[in-house]
Every structure is written in C-alpha cells, then in structure tokens.
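[1] 3D, please:
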Amino acid sequence: MTSDPAHPRVVFVNRYYWPDELATAQLLTDLAEGLAARGVAVTAIASHDGAPTTPARVARRGVEITRVRATRWGRRSFAGKAADYLTFTLAARRALRTRLHADDWLVALTDPPALAPLAASAARRARARLVHWLQDIHPEISLTLSGSPLLALLARPWMRRRDAAWRHADACVAISRDMAALVAERGVPPARVRVIPNWAPGGDALAPVPAEANLLRQELGLAGKFVVAYSGNLGRVHALEPVLAAAALLRDEPDLLFLFAGDGPRRPALEAQARQLGLANVRFGPAQPRARLAESLCVGDVHLVTLRAGCERLVFPSKLYGILAVARPIVYVGPPAGELAEAVRRSGAGLTVDVADPPALAAALRELRADAARRVAMAEAATRWSRATGGLPAALAAWTELLAPG
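    Numbering: from 1, shown residues only. You can find the predicted model right below:
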C-alpha cells in the first residue's frame, strides 16, 4: 500500500498524544489536527494509557490515532522512565512496520530520545521521507547535567548513530535558532535544518482572563497576594533551587507568594527543601487541565521561566508562549547569554536574572511588585511578542510548506 503522491500522508510518532496533556502531546495534537483540517492525511502513533476504555485505534478530528502498549511507570523514577522509553520504542518499531508506507512523511519527535535511529531505519525500510522534530537535544542534556566523563564516553556511540540519523533525514526541525545551530554543527546540511517555533497550546484559544473573572485565583485564596508563578514541568533542566533561595530572602513579605503549578522529577526534592527551609510563602499545586490553562496562567502576576547553565542550546521552554498569550510579565532565570535571554531583553516583556544570583532575583521581584505601571508595559510587550511569533497559524503554514509534495 502506498500514499497518493499528490497528497502524501504524515505519520507522527511520539510517546504522548491527546488526551495526554504533557507539552509535547498538546503541541503534536494541535499540529496534527491543524494539518488534517487542511486536507492532509495524518496518523499519530503514541502510547496507550492502559485504561480498558481507551481504544487502540480511533479517529479524532481527522487524525487516525494508533496507541501501542508500553509501560507508563512514571516520570520521577529513572528505572521507570527507562522502562517506558524501551517498551515504547519497541512497540513503535512494530507499529511502523505495518503503518508506514512508501512516500509517507514520518515525523519523529524526541520522546523517547531513541526515536532518531529507529525512525531513520523505519523510513529507509518503507522508502518514506523523514523529519526529526527536535523538542530537546539528548543525550547532551544528561551529559551537561551530570558532568560525568564516563557517561560522555559511553554516550559517544549513541551520538554517532543519532547524528547519522539526523544527517540522512529530509529535514530536522528545531524549535529555536540555538538548537538549529547545534544540529548543523553535528553535520546536518544547513539547507535541511529548519526553525519552526512552538506556540501556545490551543493556538488562539488562549487569552488573558481578568482577575475579577478568574475563578481559579479565588479558589486558591490568592486575594491580596502578589503571585510569582512557575507553571509546567519541574524537570532537571529547570533551575528551581535559586527560586527557593529567593523565596527564603522574601519570607518576611507575606503579600508575596511563590506558586509552583505542575509535576516532574524534581518536585519531591523541591517540596522537601521548601519544608526544610520553612517557606510558608511557597505553595505547590497540580498542573491544571487544558480547559483551565488560561485561568491557571493568569493566576500569576509575573511568571518565571528558568534554565540551568549549559542547557540554553539544548531546550527552549515552550511554556513561554502560553505566558505571552495571556500577557504576563516574564522573569527569566538562567544563563545570561543565549537566544531566550536575548529575546526577553529585546522584547521588553520581562527581566533576565543570572541563574547564579538569587539575591538579584529577589530584588527584581520586589521591583516588579512595587511598580504596577512597569508590569502593564511588560504585559503589553508580551502581547506584541506573542502576535509577532504568529503562533499556531504560522507553524501550520511552515509545516505545510515543508511537507508539500515535490
């Protein structure tokens, strides 16, 4: 069986898809359904959630969804995550043997990281075309965070395989210019490296919610509080310990509250650290469902976007686009150089603080709390920045052009 060459089919593969609400699931669902609405035949291969009521095959909004059996043992345990990666990789390989055909486009995301060589092999076998959609760069993230020479040595064979998979693909799509430059440095011809930024989940559906209409802020009892929000994955690449250090410096200012909304491997350690320090001005809450994302983001008077040193070329926090869409000021806590830091400074939508300087973060938050006019100006700049990115429509146009026949 082959696809119609005039309308080639697109097959996405990623561990998560709707109704999962992880960032890559939401982005992939937006893109897949957007392409399907434009008349593209789209298949998504993702992991099954294990629920008996979840069908293995279903069509939704023009997208054919195939769910493969794989473990979902959790994001906090290394062993559990390794099992999840391995079982999904093996199941996805089996699915691609029957679901991928000549002249299809195979678009492989980076969850799990082992998809790169798997996708290259599957595309070659089926005589399909291949795109790597790079949401992050592995194993460089692990190497940067661990600093282990032994791990670097063990990773070299894998990196050679991954680089070869990148070089032989029809395109590598990076979500930032810094990531694209790194991919080119690994030997991918520049003509085959594209930059297509991410967008706010749901596209234009995300918009500011006035404080008086924000039921979630009322439910959380935040009246009279200046809320410093961190929303999203509490993962290893995010510099969150400096945030707790700043919270400790501000502990005697009862109207200032730090709110962490989300989950991830670092959450238990961060909660334990906050308890140890006796930080009554720090609160942890669950990630809100997509239907309440606008309310959740608008709970914050300012939002934190953080990165550990050395990770600025390896990941680009997609939470940024949701924050911009709801017109909230940004405080970027991370390396002072790099694309994200430069963009925040250039836009006027927020402040940048060196990840190694918690006192500077505390001072910046005091300044923003005291200066409502400045926050309004930053919110207006955030709106301008959000509009300039083009959001989901711009991404759909770029992907449609990339996947066009010819």
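
[2] just checking, what packs against the longest helix seen in the chain?
    Ranked by number of residues, the top helix in the chain under DSSP state H is helix 78-99. Under the contact criterion of 3 or more CB pairs under 8 Å, 6 or more residues apart in numbering; DSSP states H and E, helix 78-99 touches strand 10-13, strand 42-47, strand 63-68, helix 115-126. No exception for glycine: its C-beta is placed from N, CA and C like everyone else's.

[3] next helix or strand past the first one?
    Note on strand 10-13: by DSSP states H and E, the next helix or strand toward the C-terminus is helix 23-37.

[4] pull the residues that contact that next one.
    Applying CB atoms under 8 Å, 6 or more residues apart in numbering, the contact partners of helix 23-37 are 10, 12, 14-18, 42, 44, 46, 60-63, 109, 111, 135, 198-199, 201-203, 232-233, 290, 318-319, 392, 395-396, 399-400, 403.

[5] tell me where this protein has strands.
    Using DSSP state E, the strands of the chain run over 10-13, 42-47, 57-60, 63-68, 105-108, 129-134, 171-174, 193-195, 226-231, 256-261, 282-285, 302-306, 330-334, 350-354.

[6] compile those into TSV and extend it with columns for distance to T98 and mean neighbour count.
    Supplementary listing: those in TSV, determined by distance: least, CB to CB, whole Å; neighbours: other CB atoms under 10 Å:
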stretch	distance to T98	mean neighbour count
strand 10-13	11	26
strand 42-47	11	24
strand 57-60	12	11
strand 63-68	9	21
strand 105-108	13	26
strand 129-134	18	24
strand 171-174	25	23
strand 193-195	29	18
strand 226-231	39	22
strand 256-261	40	22
strand 282-285	42	18
strand 302-306	41	25
strand 330-334	44	26
strand 350-354	48	23
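
[7] including distance to A122 and mean pLDDT, could these go into TSV?
    Formatted as TSV, these follow (distance: least, CB to CB, whole Å; pLDDT from 0 to 100):
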stretch	distance to A122	mean pLDDT
strand 10-13	9	98
strand 42-47	10	98
strand 57-60	19	97
strand 63-68	13	98
strand 105-108	6	98
strand 129-134	8	98
strand 171-174	16	98
strand 193-195	21	98
strand 226-231	35	97
strand 256-261	37	97
strand 282-285	40	96
strand 302-306	35	98
strand 330-334	36	98
strand 350-354	42	97
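
[8] as TSV, these with distance to S296 would be great.
    What follows is the strands of the chain, written out as TSV (distance: least, CB to CB, whole Å):
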stretch	distance to S296
strand 10-13	27
strand 42-47	24
strand 57-60	24
strand 63-68	26
strand 105-108	29
strand 129-134	26
strand 171-174	28
strand 193-195	29
strand 226-231	6
strand 256-261	6
strand 282-285	9
strand 302-306	11
strand 330-334	16
strand 350-354	19
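
[9] and those strands: which comes nearest L154?
    Across the strands of the chain, L154 has its closest neighbour in strand 129-134 (22.0 Å, CB to CB).

[10] which strands and helices sit next to that closest one?
    strand 105-108, helix 115-126, strand 171-174.

[11] of all those, which one is nearest S77?
    Here helix 115-126 is closest among the helices and strands packed on strand 129-134 (CB to CB), at 21.0 Å.

[12] do you know how far S176 is from R192?
    17 Å (CB to CB, to the nearest Å).

[13] who's more crowded, those two?
    S176 (23 against 18; other CB atoms under 10 Å).

[14] over to that one: give its phi and psi.
    phi -150, psi 160 (degrees, to the nearest 10).

[15] swap in V355?
    phi -60, psi -20.

[16] number of nearby residues for P265?
    Residues near P265, counting by other CB under 10 Å: 16.

[17] so it makes contact with V237?
    No. Counting by CB atoms under 8 Å, V237 is not a contact partner of P265; they are 10.5 Å apart.

[18] now C172, nearest residue through space, not along the chain?
    Spatial nearest neighbour of C172, chain neighbours left out: H132 (4.7 Å); criterion: CB to CB, 6 or more residues apart in numbering.

[19] same deal with L297?
    V326 (4.6 Å).

[20] was I right to think the one you found contacts V299?
    No. Counting by CB under 8 Å, V326 does not reach V299; the two are 9.9 Å apart.

[21] so for the longest helix of the chain, mean pLDDT?
    In this model, helix 78-99 carries a mean pLDDT of 92.
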